[in-house]
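1. one predicted model, sequence on top.
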Amino acid sequence: MATLDLPYRCPRCGEHKRFRSLSSLRAHLEYNHTYETLYVLSKSSSICDASVLSSGIDKSILTPASCKEIFESTSFRGKEQRYLCDLQCGEELPLGSTCYFPEIEVPVNDILMRKAVSSAPPPAAFAAAAVDAVYEEGLARLKIQALEKLDLNERLEKLSEEVEHKITARVDKLQTELEKRSSELEKAKQESVRLSREKHDLEEKACELSRQVDVSVEMLATLKQDLVQKDQELVRKQQ
């Protein structure tokens, strides 16, 4: 995949620095741009201090020590207090010693640094750029957090829908099975009632048959007794 095809870009680096996911973009911002903004702000404040000190001092009363301190202050070392102390000492010296410039030894690095400071953009531009960078970085972080929260909410909503769908399907299945078992139980109950009724009918028929058998046995006994009596009477008549 080409770099320009990636969805997320760094607001500080531009289009040539793009990332695949929000987590990688957040890691890039935290590890590469956290202290850069603080450095720009500190540099702009140091430039402001150096310009104020340089504009408020007369160059005709500078001593070698005070000139050296001026170059050190423009090198962002923050030595304004030492500079003012040496300046007061220089005012107490004679005029000849203050104007003895051949004894001044200025390092080349300090000269180049002062030239860079004098040719640098105004401090307001640095402050505005720093504020814009901080605002853009903060806005990018807020966008990342909002996108992550939105992504998390979408995942939770999707997961909730899946769980609800599974629970609904399970409940429907259990409801169908319960209805089926209830129907089977109702059928079994009806069958039991029918069998009980048939059993009762059969018991009644058995009792009726038993009573008829008893009556038949009595009738047979009576008929047998009558037959014996008639045989005896017939034998007696024959005699």
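-> Cool, got the structure.
2. list the contacts for the closest residue to Pro11 other than its chain neighbours?
-> Spatial nearest neighbour of Pro11, excluding adjacent residues (CB to CB, 6 or more residues apart in numbering): Ala140 at 4.4 Å. Quick note: C-beta positions are derived from backbone N, CA and C, even for glycine. Going by CB atoms under 8 Å, 6 or more residues apart in numbering, Ala140 touches 10-11, 29.
3. phi and psi next, for Ala140.
-> For Ala140, the backbone dihedrals (degrees, to the nearest 10) come out as phi -60, psi -40.
4. rounded mean pLDDT for the longest strand that the chain contains, please.
-> Counting residues, the longest strand found in the chain (DSSP state E) is strand 14-19. The average pLDDT within strand 14-19 is 76.
5. strand partners (parallel or antiparallel) of that strand?
-> strand 8-10 (antiparallel) (DSSP bridges).
6. now the strand it pairs with: average pLDDT?
-> Strand 8-10 comes out at a mean pLDDT of 79.
7. hmm, who's touching that strand?
-> Contact with strand 8-10 is made by 15, 17-22, 24-25, 28-29, 33, 140, as judged by CB under 8 Å, 6+ apart.
8. in that strand, what's buried?
-> Across strand 8-10, burial judged by 16 or more other CB atoms under 10 Å covers 8-10.
9. which intervals of this structure have sub-threshold pLDDT?
-> Applying pLDDT under 70 to the chain picks out residues 1-4, 34-128, 131.
10. rerun that using 80 as the cut-off
-> Where the chain drops to pLDDT under 80, the residues are 1-9, 11-12, 14-17, 20, 22-23, 25-26, 29-139, 141.
11. now the helices for it?
-> Using DSSP state H, the helices found in the chain span residues 22-32, 36-55, 64-74, 80-92, 95-98, 108-118, 123-238.
12. circling back: okay, buried residues for the longest strand of the chain please.
-> 17-19.
13. and the angle for that strand with helix 22-32?
-> 120 degrees (axes from the mean of the first three to the mean of the last three CA atoms, to 10 degrees).
14. for strand 14-19, list the C-alpha coordinates in CSV.
-> C-alpha atoms of strand 14-19 as CSV (Å, rounded to 0.1, in the frame of the first residue of the first chain):
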residue,chain,number,x,y,z
GLY,A,14,2.1,16.8,6.4
GLU,A,15,1.0,14.4,3.6
HIS,A,16,4.3,12.5,3.5
LYS,A,17,3.7,11.1,6.9
ARG,A,18,0.5,9.0,7.0
PHE,A,19,-0.5,6.1,9.2
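15. out of the buried residues of strand 8-10, which is nearest to Gln239?
-> Comparing the buried residues of strand 8-10 against Gln239 with CB to CB picks out Tyr8 as the nearest, at 140.1 Å.
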